[in-house]
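Engineer: give me coordinates for this.
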Amino acid sequence: LVYGTSCSSPVCGAIFMMINDARLAIGKGPIGFINPTVYLNSADFAGAFNDITEGSNPGCGTEGYNATAGWDPVTGLHQQTTTCVSP
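Structural biologist: Below is the predicted model of the structure:
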């Protein structure tokens, strides 16, 4: 069973590659490093993420961190949803 960042990171990378391919095909440049855009304009991307507000990531003898509303160390900016993205 594969889940978490081991699954989501390659999937997100593939999605961004497909966005870049579509942009290049119509003469636009690649999207580049997306983190500053997403984090600084998180309200603009609200429909692309589910805010995870319950749960935690205990392990290695620690209680870990709790998921909370907004950014948290467990889920970062949230969980990506499946949405239609335009190049």
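Engineer: what are the boundaries of the helices in this protein?
Structural biologist: 5-25, 35-40 (DSSP state H).
Engineer: which strands or helices does the longest one pack on?
Structural biologist: This points to helix 5-25. strand 79-80 (3 or more C-beta pairs under 8 Å, 6 or more residues apart in numbering; DSSP states H and E). Glycine gets a C-beta too; all of them are placed from N, C-alpha and C.
Engineer: and the last one, by the same measure?
Structural biologist: Helix 35-40 is packed against no helix or strand, with contacts defined by 3+ C-beta pairs under 8 Å, 6+ apart.
Engineer: restrict it to CA atoms and write it as CSV.
Structural biologist: Only the C-alpha atoms of helix 35-40 are listed here, as CSV (Å, rounded to 0.1, in the frame of the first residue of the first chain):
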residue,chain,number,x,y,z
ASN,A,35,5.5,27.0,-4.2
PRO,A,36,5.8,30.8,-3.8
THR,A,37,2.7,31.3,-6.0
VAL,A,38,0.6,28.8,-4.3
TYR,A,39,1.6,29.8,-0.7
LEU,A,40,1.5,33.5,-1.2
